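Asker: The following comprises the amino acid sequence and a computationally predicted model.
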Amino acid sequence: MKKLIMILLVAYLVSGCVAVATVGSVMYYKSQSHEVATVDIKAPSKNVYAAVLKAVENNPSIVLISKDEDLMLVDLRQNENEGSIKVTEINSELSQLVVTSGITSDNEVTPLKAVLKVCKDLVVECAQSQ
């Protein structure tokens, strides 16, 4: 869990440094041990967090381990792989969504797929940055 929080923090700090990224531009990182996807979404944070919870609760292969409404943080498990989702309010109309997990297999929801699903559910156009 501490490792995932550190990954979230690093992803948050890195994404905050990339000021030229446009809203809806998904940044995705994959290493040998973890995956991180992050995007700025033009939507209120409460709407993004609600979409995250709905997506998690409607996927029977995902187990909700914990959720913190105040921090807008969700910890989850898919198969034996743990992950987390964090929503941060940038301003009243802009939110940052960060999804982290251990390395996913072909039949699991990846952080990139999760970010794109939340964007789709919110009817916000998002695409992976090149």
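Answerer: That came through fine.
Asker: drop to CA atoms for contacts and neighbour counts, all remaining ones
Answerer: Will do.
Asker: which SS class is Val56?
Answerer: With DSSP: H, G, I helix; E, B strand; the rest coil as the basis, Val56 sits in helix.
Asker: Quick check: bridge partners of the residue nearest to it when sequence neighbours are not counted?
Answerer: Nearest non-adjacent residue to Val56, counting by Cα to Cα, 6 or more residues apart in numbering: Ile62, 6.4 Å away. Counting by DSSP bridges, Ile62 is bridged to Gln78.
Asker: burial count for the closest residue to Ser61 other than its chain neighbours?
Answerer: Of all residues not flanking Ser61 in the chain, Gln78 sits nearest, at 6.0 Å (Cα to Cα, 6+ apart). A count of neighbours around Gln78, defined by other Cα atoms under 10 Å, yields 17.
Asker: ok, Gln78 touching Asn59?
Answerer: No. Using Cα atoms under 8 Å, Gln78 makes no contact with Asn59, being 9.8 Å away.
Asker: So what touches the host helix or strand of Leu112?
Answerer: Using DSSP states H and E, Leu112 maps to helix 111-121. The contact list for helix 111-121, computed with Cα atoms under 8 Å, 6 or more residues apart in numbering, reads 26, 28, 35-39, 41, 48, 51-52, 55, 97-101, 125-127.
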